[in-house]
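Visitor: turn this into a model:
(one chain, ligands or ions: 2)
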Amino acid sequence: MAKKKGKMRAEFRKKHQGRVRDADLTRQFRQRDHEHTIEDVVQAERLSGKGDLTRKRTVAGSQRDEEDDGGLQVDLKVDQTSLIHGRVLSVHGWQSKVLSDDGRLYACATRQVLKSLATDQRGVVVAGDRVWFRSQSREGASIRAAERADETVVADGMIERIEPRHGIICRTSRGKQHVIAANVDAMLIIASAAEPGIKPALIDRMLLTAEQYRIEPVVVINKIDLVDALSLQAMIGVYASIGYRVLPTSASSGQNLSYLRAFLQDRQTALAGQSGVGKSSLLNAIQPGLGLAVSHVSSENQKGRHTTTASKLIPLAGGGAVFDTPGIRQFQLWDIEATEVAGLMPDLRPYVSLCRYPDCLHLHEDDCAVKNAVADGRIDARRYDSYCHLLEDDLLPQ
Ligand SMILES: Nc1nc2c(ncn2[C@@H]2O[C@H](COP(=O)(O)OP(=O)(O)OP(=O)(O)O)[C@@H](O)[C@H]2O)c(=O)[nH]1
Ligand SMILES: [Zn+2]
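Guide: Ligands and ions are numbered 1, 2, ... in the order given. Model (predicted):
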């Protein structure tokens, strides 16, 4: 394949010799060949906030006879044609487990040049990333792995490109931001109507995190079979009026599970919710064994056995995948300033800019637009109460 392309390129060059500049030749050849270029990598890195590649240009194609730009510092040639597309399920140190679009598992290393682009080498590749990689196993090895349907038998590969990310969940440690999950399309905020009883303040806190990451939240209220649904109507109404989707479910009776199953399809979804609300039960009802896979990973993480494994993406049989992200399950607030909170609550947000003081915390200030809106019922008093607790308990000096 490479040989054939090399020949084509040589012919193209010969035909156009003297008439086009080398850079144009490269561009024309590239267009003709439908190759993606390193600019894609540059774009990807730019979008993901990683290094600056603008000074490092090169051409597409892996032909060794191709002349590089004189100013090249690193070899960034990417021959897309022989690359396989997949998504990263988990990362252990420098090794990533990647599931190709045709369902084969690969243990991939990451190309050194991508690592060197990262400002912080941890998290160059994270669970949920969509990547292009090159198989490095002997021909047929990956097919045999798939045929044996043995998850631990994987072929080897080398990640050459990381696609631009959206829906990033980060954690800050020692002043540095680490991406721990990428391409998170939605967040299921799971609560239970009883055993343990519903804690709206906890739901509000999780919603805030979803807002912070600009990830679509869905509030799932499980164990609806244990209560009279009418008792939750007012609370659900408040969330619905803010624009949040609320889904009452029961893993026991099966209520709304088909809706949940359909929602999870074709999405990468993060799960949040305290212990005992029925996360595993819901997942098992959707796909037997799935709940076990998620809690198994979590307990491993909690014991610190895989300290470099930030999170894991677990594919669903019907399409889509769920993340197991330990930090998200446990719910700490990170990277959030007290002054930002009201802006992250859609029901408080419209009143923030109406406040008299630009740095108003809407707690004790006189003639505060947010407090006025609470007083006359335009903001739900319980939501405001959550806001106050969040600030006073977590974000402001005691
Ligand atoms: N009545 C009722 N019980 C449920 C429902 N869903 C889960 N349970 C029960 O609630 C308990 C906790 O469920 P799990 O699925 O283990 O909860 P979890 O959120 O995965 O908990 P952790 O693994 O600790 O995070 C179990 O005894 C379940 O049988 C439900 O919809 N209705
Ligand atoms: Zn105010």
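
Visitor: what about Ala234, how many residues nearby?
Guide: Counted with other Cβ atoms under 10 Å, the neighbours of Ala234 add up to 10. Glycine gets a C-beta too; all of them are placed from N, C-alpha and C.

Visitor: that one sits in which helix or strand?
Guide: helix 233-242 (DSSP states H and E).

Visitor: quick one: mean pLDDT over that helix.
Guide: For helix 233-242, mean pLDDT rounds to 96.

Visitor: over to stretch 267-281?
Guide: Stretch 267-281 comes out at a mean pLDDT of 91.

Visitor: that one: end-to-end distance?
Guide: 20 Å (Cα to Cα, to the nearest Å).

Visitor: near ligand 1, which residues of the stretch 151-300 of the chain?
Guide: Neighbours of ligand 1 within the stretch 151-300 of the chain, by Cβ under 6 Å from any ligand atom: 222-223, 225-226, 250-252, 273, 275-281, 295.

Visitor: show only the entries of these found in strands.
Guide: Asn222 (DSSP state E).

Visitor: for ligand 2, state which of the residues of the stretch 151-300 of the chain next to ligand 1 is nearest.
Guide: Nearest to ligand 2 among these, counting by Cβ to the ion, is Gly273 at 31.3 Å.

Visitor: ok, the nearest residue to the closest one once chain neighbours are set aside - contacts?
Guide: Leaving aside its sequence neighbours, Gly273 sits nearest to Ile190 (Cβ to Cβ, 6 or more residues apart in numbering; 3.3 Å). Residues in contact with Ile190 (Cβ atoms under 8 Å, 6 or more residues apart in numbering) are Val220, Asn222, Leu271, Ala272, Gly273, Val277, Gly278, Lys279, Leu282.

Visitor: could you say which helix or strand contains the first one?
Guide: Put plainly, it is Val220. strand 216-222.

Visitor: re earlier: go through the residues of the stretch 151-300 of the chain next to ligand 1 and name the one nearest Lys176.
Guide: Of all those, Gly273 has the smallest distance to Lys176: 27.9 Å, by Cβ to Cβ.

Visitor: returning to what we had before: give me the buried positions along the helix holding Ala234.
Guide: Met235, Ile236, Val238, Tyr239, Ile242 (16 or more other Cβ atoms under 10 Å).

Visitor: now for the helix or strand following that helix, which elements pack on it?
Guide: Once the chain leaves helix 233-242, the next helix or strand it forms, by DSSP H and E, is strand 245-248. Strand 245-248 makes packing contacts with strand 216-222, helix 233-242, helix 257-264 when contacts are defined by 3 or more Cβ pairs under 8 Å, 6 or more residues apart in numbering; DSSP states H and E.

Visitor: and Lys97, which of those is closest to it?
Guide: Closest among the helices and strands packed on strand 245-248, using Cβ to Cβ: helix 257-264, at 20.6 Å.

Visitor: list of residues touching the closest one?
Guide: 186, 218, 220, 247, 249-251, 269, 282, 285-286, 316, 318, 320, 322.

Visitor: of those, which belong to helices?
Guide: Secondary structure from DSSP state H places Leu282, Ala285, Ile286 of those in helices.

Visitor: who wins on neighbours among these?
Guide: Leu282 (26 neighbours).

Visitor: what sits against the nearest residue to that residue once chain neighbours are set aside?
Guide: With sequence-adjacent residues excluded and distances taken as Cβ to Cβ, 6+ apart, Leu282 is closest to Ala251, at 4.8 Å. The contact partners of Ala251, by Cβ under 8 Å, 6+ apart, come to Asn222, Lys223, Leu257, Gly278, Ser281, Leu282, Asn284, Ala285.

Visitor: redo those residues as JSON lines? Include distance to Gln398.
Guide: Below are the contacts of Ala251 laid out as JSON lines (distance: Cβ to Cβ, whole Å):
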{"residue": "Asn222", "distance to Gln398": "34"}
{"residue": "Lys223", "distance to Gln398": "35"}
{"residue": "Leu257", "distance to Gln398": "43"}
{"residue": "Gly278", "distance to Gln398": "34"}
{"residue": "Ser281", "distance to Gln398": "38"}
{"residue": "Leu282", "distance to Gln398": "37"}
{"residue": "Asn284", "distance to Gln398": "41"}
{"residue": "Ala285", "distance to Gln398": "42"}
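
Visitor: now these: which count as buried?
Guide: Buried by 16+ other Cβ under 10 Å: Asn222, Lys223, Leu257, Gly278, Ser281, Leu282, Asn284, Ala285, out of the contacts of Ala251.

Visitor: make TSV out of those residues and add distance to ligand 2.
Guide: Shown next, in TSV, are those (distance: Cβ to the ion, whole Å):
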residue	distance to ligand 2
Asn222	36
Lys223	37
Leu257	42
Gly278	38
Ser281	42
Leu282	39
Asn284	46
Ala285	44
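
Visitor: for those residues, which one is nearest Leu363?
Guide: Once Cβ to Cβ is applied, the member of the buried ones among the contacts of Ala251 that ends up nearest Leu363 is Asn222, at 33.2 Å.

Visitor: that closest one bridge partners, please.
Guide: Ser192 (DSSP bridges).

Visitor: re the thing from before, nearest to Cys360, of the buried ones among the contacts of Ala251?
Guide: Closest to Cys360, out of all of the buried ones among the contacts of Ala251 and judged by Cβ to Cβ, is Asn222, at 37.3 Å.

Visitor: and the closest one, what pLDDT?
Guide: On the pLDDT scale, Asn222 gets 97.

Visitor: ok, it to Gly278 distance?
Guide: 4 Å (Cβ to Cβ, to the nearest Å).

Visitor: shared neighbours, these two?
Guide: Counting by Cβ under 8 Å, 6+ apart, the residues touching both Asn222 and Gly278 are Ile190, Ser192, Ala251.

Visitor: leaving out chain neighbours, which residue sits closest to Ser100?
Guide: In space, Ser100 is closest to Gly86, 4.0 Å off (Cβ to Cβ, 6+ apart).
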